[in-house]
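Asks: show me how the following folds:
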Amino acid sequence: MHIVIYKNAQLPALRYGGTERVIWSLGKALTRMGHRVTLLCAEGSASPFAEVKIYDPTQPFANQLPSDADLVHFHDVIPQGFDARPFVTTVHGNIGQGEPLPPMAIFVSHNHAARHGATHYVCNGLDWDDYPRPELDLPRSHFHFLGKAAWKVKNLHGAIRVVDRVPGGRLEVLGGTRLNFKMGFRLTLNPHVHFHGMVDDRAKQHYICRSRGLVFPVLWDEPFGLALTESLYYGAPVFGTPRGSLPEIVTPEVGFLSANEETLAKGIAEAIQHQTYSPRRCHEYAAERFNADVMARAYVQHYEAALNGERW
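Replies: Numbers count the residues shown, from 1 in each chain. You can find the predicted model right below:
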């Protein structure tokens, strides 16, 4: 089938761009399956595997779709003027209370869907061939935090408190700076915490392959959390709070969850002492379960349902 994937953003992502990474991986996987993909996206985009059409917000949306497209997959707000062509919509974030769900909504985890009174979901997957290969036998000496450190719900300071309770704990922060003005004045003076700003894939691989685990005590209901699967792919277990999708993604084989900081720190210390988590098993779990091909096959089932006239 011919699938148009719409996101008003530049593809591929220049730095992090979690949603854009998922879209890119999906397009590649669909192409491998034999489908034709057109990316309708922002200026500056380019792709070796799909036709790229640059979205023009001043023009009617329907006029920008290829005439032979079978289905449109929205990863953004549906523009006005969209015609009755079959479509689905991936919801990547949490929808505010009282806000209507978009039609043909597909969420990114079971928990994400259930919290919005829906049943359709497809877990995010990534094309792991786009990532540097993991080095699973390296010594692991620190912990890491991966995410937008300035965003309070990601709870960097909670992660610091947890690591401070672990004997010899040291935290590498990927995605933040020691002095931050973006969300109000914030200065972290803890000498056991090192900041690396927004990191590229090579730096991410370097730090996570040497990490004893991702410390991720989020304060909100995480829809999915690519930080979880990226960390697992590089052999690092996940230590976090049981919020949102985390209990669904982080099984006891690959991590430990608790809403209590003291309990979480104790669980981390015991896991390190007893070498509870295997880097190789963490890697295999993420590579097998959260890859782009698994995601694409699940989306194709939804595409076929939409093409057969199903509505949800």
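
Asks: look up how far Thr38 lies from Lys28.
Replies: Taken as Cβ to Cβ, to the nearest Å, the spacing of Lys28 relative to Thr38 amounts to 14 Å. C-beta here means a position set from N, CA and C on the backbone, and glycine is covered the same way.

Asks: ditto for Gln97
Replies: In this view, Gln97 and Thr38 are 35 Å apart by Cβ to Cβ.

Asks: so for the two, which sits in the more crowded spot?
Replies: Thr38 (21 against 5; other Cβ atoms under 10 Å).

Asks: I figured the more buried one hits Ile3, correct?
Replies: Yes. With the criterion set as Cβ atoms under 8 Å, Thr38 and Ile3 qualify as a contacting pair; they are 7.3 Å apart.

Asks: overlap in contacts, the two.
Replies: Residues touching both Thr38 and Ile3 comprise Ala69, with contact defined as Cβ atoms under 8 Å, 6 or more residues apart in numbering.

Asks: need phi/psi at His142.
Replies: Torsion angles at His142 (phi, psi; degrees, to the nearest 10) stand at phi -130, psi 180.

Asks: which one is it nearest to, not counting chain neighbours?
Replies: Among residues not flanking His142 along the chain, Arg170 sits closest, at 4.4 Å (Cβ to Cβ, 6 or more residues apart in numbering).

Asks: okay, the one you found: pLDDT?
Replies: pLDDT recorded at Arg170 is 96.

Asks: all numbers from here: first residue = 38
Replies: OK, 38 is where the count begins now, so the last one is Arg207.

Asks: quick one: contacts for it?
Replies: Contact analysis of Arg207 by Cβ under 8 Å, 6+ apart lists Ser178, His179, Phe180, Val200, His229, Val230, His231.

Asks: could you tell me which of these count as buried?
Replies: Neighbour-count burial within the contacts of Arg207 applies to His179, Phe180, Val200, Val230; the criterion is 16 or more other Cβ atoms under 10 Å.

Asks: burial measure for Pro228, as a count.
Replies: Under the criterion other Cβ under 10 Å, the count of neighbours that Pro228 has is 7.

Asks: for the closest residue to Asp258 other than its chain neighbours, which residues are in contact?
Replies: In space, not counting the residues next to it along the chain, Asp258 is nearest to Gly281; the distance is 3.6 Å by Cβ to Cβ, 6+ apart. Contacts for Gly281 (Cβ under 8 Å, 6+ apart) come out as Ser146, Asn148, His149, Arg152, Val255, Trp257, Asp258, Glu259, Pro260, Gly262.

Asks: which residues in the stretch 38-187 of the chain form strands?
Replies: Along the stretch 38-187 of the chain, counting by DSSP state E, counting those that start in this stretch, strands occupy 39-44, 73-78, 88-91, 108-111, 124-127, 142-143, 179-183.

Asks: columns mean pLDDT and distance to Glu267 on top of the ones you listed, output as TSV?
Replies: Shown next, in TSV, are those (pLDDT from 0 to 100; distance: least, Cβ to Cβ, whole Å):
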stretch	mean pLDDT	distance to Glu267
strand 39-44	98	20
strand 73-78	98	23
strand 88-91	98	26
strand 108-111	98	23
strand 124-127	98	19
strand 142-143	98	22
strand 179-183	98	7
